[in-house]
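Undergrad: structure, please.
(chains A and B, ligands or ions: 2)
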Amino acid sequence: MNKDVSGTIQVEGVSHTFVSNGEKTHALDNVSFEVPKNRFVSIVGPSGCGKSSLLMMLAGLQTPDEGRIICEGKKITRPDPQRIGVVFQEASLFPWLTAEKNVEFPLSLRGVKPAVRHDRAREALALVGLEGFGSRYPHELSGGMKQRVSIARGLVQDPPILMMDEPFAALDEQTRTVMGDELLRIWEQTRKTILFVTHSLGEAVYLADQVLVMSARPGRIIDRIDVDLPRPRRFEMMSTQPFMELRERIWRQIRH
Amino acid sequence: MRLDATTVRRLLIVLLIVAWEVLPQAGLVPRLFLPPVSATVAALWGSAPEYAYHLWVTLQEVAISMLFACVGGVAAGLVIGNSVRLRQLLLPLASAGFAIPLVILYPLFTAWFGIGPESKIVFASVYGFLPTLLGTAAGVQTIDRHLVTVARSLGASRFQQITRVFLPAAIPTVLSSLRIGGALVIVGVTVAEMLTSTAGIGFLISRYRTLLDSPHVFAAILLVLAMAIAFDWLVQLIERRVAGWQRAIRTEQAPAAAYS
Ligand SMILES: Nc1ncnc2c1ncn2[C@@H]1O[C@H](COP(=O)(O)OP(=O)(O)O)[C@@H](O)[C@H]1O
Ligand SMILES: [Mg+2]
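TA: Ligands and ions are numbered 1, 2, ... in the order given. So this is what the prediction gives:
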């Protein structure tokens, strides 16, 4: 009974069909998986297969037609940023707030005192390597820096779980590689459970302990691949035999 | 030497004022059509108490109309812009209303509300209300819905979604609608005063015109101009204060816009 459930996620038989203007889209079909504590799990799949929808449900932003999502032993019914931090693809910072105020935003919603808020935001910005950039507005930051601020905002309440929906998709390749390594550093430092959606197979393998492969719509989990490459991961690993084999195995399934 | 836009603009204004003085003085333009600046300012100064009284009447009418037009227009615009059904139902009506030259209805307003301040206030309120509503409703739709989702994921309640995301995001468009709506309120009040009234700057313009006293007419016009410019400055000041982020983004995207 007293099992430690902190940082765990269970998805049980989740199916969902969107109806808009009378048109039905069967997005998810009986999706089930479990994520243990401190795991880094990537989700890949063809575009439009329901990855974002799945993440919206995991974040409590949308209720699935069928099935349940259980997070730390409790069914998810609405967003709970103190347990789940969410990072979206891009343009997710409030343009009228400075980086620091963006990071403070979830704290101010809860009425946390300004002094406490300020300290926590600074810590979070330091964690993502943005010390001294707090007073900049989003339009004064590069794409990579904006995503760092988003990550800081997701982590500012120290939730055990972090969900990311293609967070680096809009970045150029170099920045993207740097951000991947940064994310791994943050993960190792904070020991979060991370669910990471991406359409880059290389990125999925490079970062994760396990890769969940989804089929084309309606999205189902068609493979779970354990990535047993040693950590810390290094850029050079991407050209090694085991890495390429894993990548190919995923590619073969997504291709058809 | 290269002149920047501001200097050129100032030079132009100075040039205009000089022309305004010199042309009638030199007899190139009849004084009845265009009295020199000096005569206009003298008229203003000589009848200062009268102008002050009528300006005060006009300002009160403008202030009250502004309240109705701007608060009402923004509120209605926010509500309508947010509802697909209301939008489909009411926006065509509002646009059509905006296209009607409302001035032709003004005699009706005097029949309903008399020739005192009430008819001016009602007329100017309606006149400024429609563009404020249309601008706000259009602006609301350009707000990035994704940011509302982001706020929800960060734990924002319904109420917080409105106050913390929706309103700040809407402020720039609301302000530019206010700018147009407010200017129209000033036009509305003065025009109504010119048509039928017993007090106000518009009333002075029309009375002195009947007396063929051009310097006094121009003095009154100057006051209306000053009022319009002061209002515009005020809105711009607020804009700079609360919507600097948007200005900065716009400038960044289109460096040429830095001139405006
Ligand atoms: N709110 C919605 N209403 C209608 N259809 C939707 C909605 N959200 C997503 N969809 C549809 O569901 C499918 C899956 O979308 P999404 O989860 O965004 O896919 P992915 O992130 O894997 O690219 C797509 O076909 C998309 O058009
Ligand atoms: Mg997606």
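Undergrad: where does the prediction get shaky in the stretch 101-250 of chain B?
TA: Scanning the stretch 101-250 of chain B with the threshold set as pLDDT under 70 gives B:250.
Undergrad: residues contacting the one helix or strand B:P107 maps to, please?
TA: According to DSSP states H and E, B:P107 maps onto helix B:106-113. For helix B:106-113, contacts defined as CB atoms under 8 Å, 6 or more residues apart in numbering or on different chains pick out B:119, B:122-123, B:191-192, B:195-196. Where C-beta positions appear, they are placed from N, C-alpha and C, glycine not excepted.
Undergrad: quick check: next helix or strand after that helix?
TA: Following helix B:106-113 in sequence order, the next helix or strand is helix B:117-141 (DSSP H and E).
Undergrad: name the residues of that next one that are buried.
TA: B:117, B:119-137, B:139-140 (16 or more other CB atoms under 10 Å in any protein chain shown).
Undergrad: and if you look at stretch A:226-240?
TA: A:227, A:229, A:233, A:238.
Undergrad: the residues you listed in helices, which ones?
TA: Among those, no member falls in helices (DSSP state H).
Undergrad: turn these into JSON lines, including distance to A:R120 and pLDDT.
TA: Listed next are these as JSON lines, based on distance: CB to CB, whole Å; pLDDT from 0 to 100:
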{"residue": "A:V227", "distance to A:R120": "33", "pLDDT": "95"}
{"residue": "A:L229", "distance to A:R120": "34", "pLDDT": "92"}
{"residue": "A:R233", "distance to A:R120": "29", "pLDDT": "93"}
{"residue": "A:M238", "distance to A:R120": "36", "pLDDT": "91"}
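Undergrad: pick the one among these closest to ligand 1.
TA: Nearest to ligand 1 among the buried residues of stretch A:226-240, counting by CB to the nearest ligand atom, is A:V227 at 20.8 Å.
Undergrad: and for A:K113, the neighbour number?
TA: 10 (other CB atoms under 10 Å in any protein chain shown).
Undergrad: so which of the contacts of helix B:106-113 is the closest to ligand 1?
TA: B:V122 (44.7 Å).
Undergrad: please name the residues that touch that closest one.
TA: Counted by CB under 8 Å, 6+ apart, B:V122 has contacts B:109, B:112-113.
Undergrad: try 6 Å this time
TA: B:V122 makes contact with B:109, B:113 under the criterion CB atoms under 6 Å, 6 or more residues apart in numbering or on different chains.
Undergrad: helices of the stretch 51-200 of chain B, start to end?
TA: Applying DSSP state H, counting those that start in this stretch to the stretch 51-200 of chain B gives helices spanning B:72-82, B:84-99, B:106-113, B:117-141, B:145-153, B:158-160, B:167-195.
Undergrad: which one of those helices lies closest to A:L246?
TA: Nearest to A:L246, of all the helices of the stretch 51-200 of chain B, is helix B:145-153, at 31.0 Å by CB to CB.
Undergrad: give me the distance from that closest one to the chain's centre.
TA: 34 Å (CA atoms, centre = their mean, to the nearest Å).
Undergrad: show me what it is packed against.
TA: Packing partners of helix B:145-153 (3 or more CB pairs under 6 Å, 6 or more residues apart in numbering or on different chains; DSSP states H and E): none among the helices and strands.
Undergrad: show me where the stretch 1-150 of chain A has its helices.
TA: Counting by DSSP H, counting those that start in this stretch, the helices of the stretch 1-150 of chain A are A:51-58, A:99-109, A:114-127, A:143-155.
Undergrad: for chain B, find the nearest of those.
TA: Among the helices of the stretch 1-150 of chain A, helix A:99-109 comes nearest to chain B, with 4.1 Å by CB to the nearest CB.
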